[in-house]
Every structure is written in structure tokens, then in C-alpha cells.
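J.: let's see this in three dimensions:
(one chain, ligands or ions: 2)
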Amino acid sequence: MIELRDVTKTFPKGKGGEFRAVDGVSLTIGRGNVFGIVGHSGAGKSTLLRLVNHLEEPTSGSVLVDGRDLGALDARELREVRRSIGMVFQQFNLFRSRTVLGNVAYPLRLAGASRAEARERAEEVLRFVGLQEQARRWPEQLSGGQRQRVGIARALATSPDVLLCDEATSALDPQTTREVLELLRRVNDELGVTIVLITHEMDVVRSLCDHVAVMADGRVVETGGVHDVFARPEHPVTEAFVRSALHDLPEGPALDRLRARHPGRLVTVPVGADASASDELSRLLREHRVDFRIAHAGVGEVQGRPLGSVTLELRGAEGDVDACVARLADREAERGKVGAR
Ligand SMILES: Nc1ncnc2c1ncn2[C@@H]1O[C@H](COP(=O)(O)OP(=O)(O)OP(=O)(O)O)[C@@H](O)[C@H]1O
Ligand SMILES: [Mg+2]
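T.: Residues are numbered from 1 along each chain as shown. Ligands and ions are numbered 1, 2, ... in the order given. Predicted coordinates:
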């Protein structure tokens, strides 16, 4: 549906210098995907998204939407492609001087629909997002979550194939965030709209996306299926984002406190759909007559499958624990298996 081929976007900086906001990015987003883009502030996420609907022109490389190279289109063709791409913003960007209905009808009027047609379609989309009762109200009379649903309704009014969401839930509280994510899930499931969603919260990726790309310094440092990336993050930036959502490994002061509470040997065992690591640990403990106490656990679901890890304090005769840990250490190099901490 969307393809970026070696796309770079530079902005002028200082005395004749330039800054690469997006740096040699190649990315393919399939039709019907819910594709998350994560990265820290300044990583280039918004610039990347703006390249997809040609609000920014690439300095080099090309952007293809539904097989059409945006750089090769004339103004009329470009308008047509843009109409097939809706956009949702963090700050909703609603017109304060238009009613809810007026906001949603606006892109339809721009696209040439009659007043009556625009109104009918706007009412239909407002029903889809659950705001039909609010049609005559003004944006400032609505809660943040309702405003964002209006933003989504407006983006959907022209029946786009693609919805681009730039931090659509970042201004919302956790409960409202869940409601908006639930709505986006329906947009994808029921309308078949491809969604590209920027966020700095890996939890959003985990609950909504099927694919993810991680950006750092203008580059895509890692990309893949959400479960795969969560199970085996390769880049340190990805690893940190994954940990922030799984909460499965204690770190820093929390790890120090955990060690103080559990002076014995600690081992971490991954928990996933494949229970072999956990079975293996259980067998080893039995063989060596070693007992355990649970020190830390962070296990949840990613794309409907369990993922996370449990950290155990081993308890038993010192020689037995040592033997157990030695056997575990043999496997530690093998990533994703039981490891001594
Ligand atoms: N029009 C512009 N002119 C100059 N520099 C720009 C422009 N747009 C973006 N940049 C710079 O490019 C870099 C990437 O910006 P971008 O907004 O894409 O990051 P982001 O990942 O969306 O960050 P955030 O999470 O804070 O929204 C930043 O350092 C920003 O200052
Ligand atoms: Mg941004």
C-alpha cells in the first residue's frame, strides 16, 4: 500500500548546513496493516508521516502509495491520492468555528459533495464513531476523547484507504486512550483501512499494531512483526522500548532493591507461547533439588500470545545451586533461553 524507497529529507540548518530529519529510509507497509512507528522525540517520525501524504517532498528517494510514485504525479493526481489518505493529529486540529457535523462534512465539501450529500455522509461517519448525538455541538463542548473521535470521523469522511495518525492518543488519559485505540481497531477491522500510527508509547503498538518500525536519528533501526520484535528486539533502542511495555526485567535501582531482598542466585526465564524454556528450568531444578522463590514477573499478551519473563531466586545447597546456574550459563549465550542474572 505504501512504499518508501531510500527516502531522505533534509532541512537547512545554520550557515548553509543541513539536517537529515529522515535518513535513507526504506519501508513497505502492506494493505490492511496497522503499522506502528515508534521513536524518541526528534527521531523523524512526523517528518516520515508527512512524506507519505506529500506534505513534505523527499530530498531524495521516492514514496509510492498504491503503486503510484508521488513525485511523478501532477497536481490533480496528487490531490486524488491525498484524498485517499486521512490524517489524525495529537491536538485534534478541529475547526472551532464549525460544529461537529460541520467539521466532518468539511473535507466532503472540499471534494465537491453537495451540502445534502456531505451532511448525510458526515452523519453516517459520526454514527460509526458513536457521536451522532453530538453532531450539532461545538468542538469546545466535547471532551478530549470525543474531539479525537471527531478528528477520526473527519479523516474517514472521504472513505480513505489509509489513515495516518500522528500521536493520536498522546494528549489523552489512559482510559480515553483505550477507547480511541478500540475505535482505530474497528476502523481497520470493519472498514479495512490501512493505519500508520506514530507513537512514543510501545504499549500503543502492543495493543493495536501488527507491524512496527523503530526510528532513531532519522533512520529505521528495526522493523518487523510486533510479536517478533517484542520477543527478540535487536537494536538497543528497540530493546528499551520493549522493556518499557513489558516491564519484565527489573533495572537500575529496582534491580538493586530486588537483589537486596533476594540475596540468593537470580535467574530469568522467558515466558512465551513456547513453554520449553520454562520446562527446561523446572527439570534442572528438580534434578539438582533446588527450590525457588518468585522475585519478579512481567508477562502479558502481545498479539494474542503470552510474552514476558519471570525472575526467580534459587534456593538450596550452595553446590546444587552452583551446578544449576552453571548449566543455565551454558545456555545463556543462546538468546531467548533460560539465563542466569
Ligand atoms: N520544517 C522543519 N525545518 C527544520 N527542521 C525540522 C523541520 N521539521 C522537522 N525538523 C527537525 O527534524 C527532526 C525530526 O523532527 P520530527 O518532527 O519528524 O520528529 P518526531 O520524531 O516526530 O518527534 P516528536 O516525537 O517530538 O514529535 C527534529 O530535530 C526537528 O527539529
Ligand atoms: Mg512528531
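J.: wait, what's in contact with whichever residue of the stretch 151-300 of the chain sits closest to ligand 1?
T.: Of all residues in the stretch 151-300 of the chain, His200 sits closest to ligand 1, at 5.7 Å by Cβ to the nearest ligand atom. All C-beta spots, glycine's among them, are computed from the backbone N, C-alpha and C. Counting by Cβ atoms under 8 Å, 6 or more residues apart in numbering, His200 touches Val38, Gly39, His40, Ser41, Glu167, Ser170.
J.: go on, Ala113?
T.: Ala105, Arg121.
J.: the stretch 201-341 of the chain: helices as residue ranges?
T.: 202-208, 226-231, 236-246, 252-261, 276-287, 318-332 (DSSP state H, counting those that start in this stretch).
J.: so which of the contacts of His200 belong to strands?
T.: Applying DSSP state E to those, the entries found in strands are Val38, Gly39.
J.: let me know the closest of the contacts of His200 to Ala297.
T.: Closest to Ala297 out of those is Val38 (24.5 Å), distances taken as Cβ to Cβ.
J.: hmm, back to that, lowest-confidence one in the contacts of His200?
T.: The lowest pLDDT within these belongs to Ser170, with 90.
J.: pretty sure that one is touching Ile198, no?
T.: No - here Ser170 does not reach Ile198: they are 9.1 Å apart, not a contact under Cβ atoms under 8 Å.
J.: contacts only, for the residue sitting nearest the centre point of the chain.
T.: Centroid-nearest residue in the chain: Val205, 2.9 Å away (criterion: Cα atoms, centre = their mean). By Cβ under 8 Å, 6+ apart, the residues touching Val205 are Gly36, Val38, Leu197, Thr199, Val212, Val226, Ala245.
J.: likewise Phe92?
T.: Pro139, Gly144, Arg147, Gln148, Val150, Gly151, Ala171.
J.: domain assignment for this protein?
T.: 2-245, 247-340 (automatic domain parsing).
J.: gap between Asn103 and Val196?
T.: Applying Cβ to Cβ, to the nearest Å, the value for Asn103 to Val196 is 22 Å.
J.: my guess is Ser207 contacts Glu182. True?
T.: No - applying Cβ under 8 Å, one finds Ser207 not in contact with Glu182, separated by 9.1 Å.
J.: for the two, indicate the residue with more neighbours.
T.: Using other Cβ atoms under 10 Å as the criterion, Ser207 and Glu182 rank with Ser207 on top: 20 against 12.
J.: in space, what's closest to that one - neighbours in sequence excluded?
T.: Distances taken as Cβ to Cβ, 6 or more residues apart in numbering place Leu181 nearest to Ser207, at 5.8 Å, with adjacent residues excluded.
J.: burial measure for that neighbour, as a count.
T.: Leu181: 19 neighbours (other Cβ under 10 Å).
J.: now the helices for the stretch 1-150 of the chain?
T.: Under DSSP H, counting those that start in this stretch, the stretch 1-150 of the chain gives helices at 45-52, 75-83, 100-110, 115-128, 144-156.
J.: quick one: which of Ser170 and Ile198 has more around it?
T.: Between Ser170 and Ile198, counted using other Cβ under 10 Å, Ile198 has the larger neighbour count: 23 against 14.
J.: for the closest residue in space to that one that isn't next to it in sequence, grab the count of nearby residues.
T.: Nearest residue to Ile198, sequence neighbours excluded (Cβ to Cβ, 6+ apart): Lys45, at 4.5 Å. Using other Cβ under 10 Å, Lys45 has 23 neighbouring residues.
J.: got it, and Val34?
T.: 25.
J.: that one contacts Arg206, doesn't it?
T.: No - using Cβ under 8 Å, Val34 is not in contact with Arg206, being 11.6 Å away.
J.: run through the stretch 51-200 of the chain and note the low-pLDDT ranges.
T.: Within the stretch 51-200 of the chain, no range satisfies pLDDT under 70.
J.: distance of the residue lying closest to Asp6 once chain neighbours are set aside from ligand 1?
T.: Once flanking residues are discounted, Asp6 sits nearest to Gly61: 4.2 Å by Cβ to Cβ, 6+ apart. Relative to ligand 1, Gly61 is positioned 16 Å away (Cβ to the nearest ligand atom, to the nearest Å).
J.: on that earlier part again, just give me the closest of the contacts of Val205 to Arg76.
T.: Distance to Arg76 across these (Cβ to Cβ) is lowest for Leu197, with 29.1 Å.
J.: I figured that closest one hits Ile29, correct?
T.: No - using Cβ under 8 Å, Leu197 makes no contact with Ile29, being 10.8 Å away.
J.: neighbour count winner among the two?
T.: Using other Cβ under 10 Å as the criterion, Leu197 and Ile29 rank with Leu197 on top: 25 against 22.
J.: if I've got this straight, the more buried one is in a strand?
T.: Yes - counting by DSSP: H, G, I helix; E, B strand; the rest coil, Leu197 is located in a strand.
J.: is Gly225 bridged to anything, and to what?
T.: For Gly225, the beta-bridge partners are His211 (DSSP bridges).
J.: and it, how far from Asn33?
T.: Distance from Gly225 to Asn33, by Cβ to Cβ: 10 Å.
J.: now swap in Asp279 and tell me
T.: 35 Å.
J.: neighbour-wise, which of those two wins?
T.: Neighbour comparison, Asp279 and Asn33: the larger count goes to Asn33, with 18 against 12 (by other Cβ under 10 Å).
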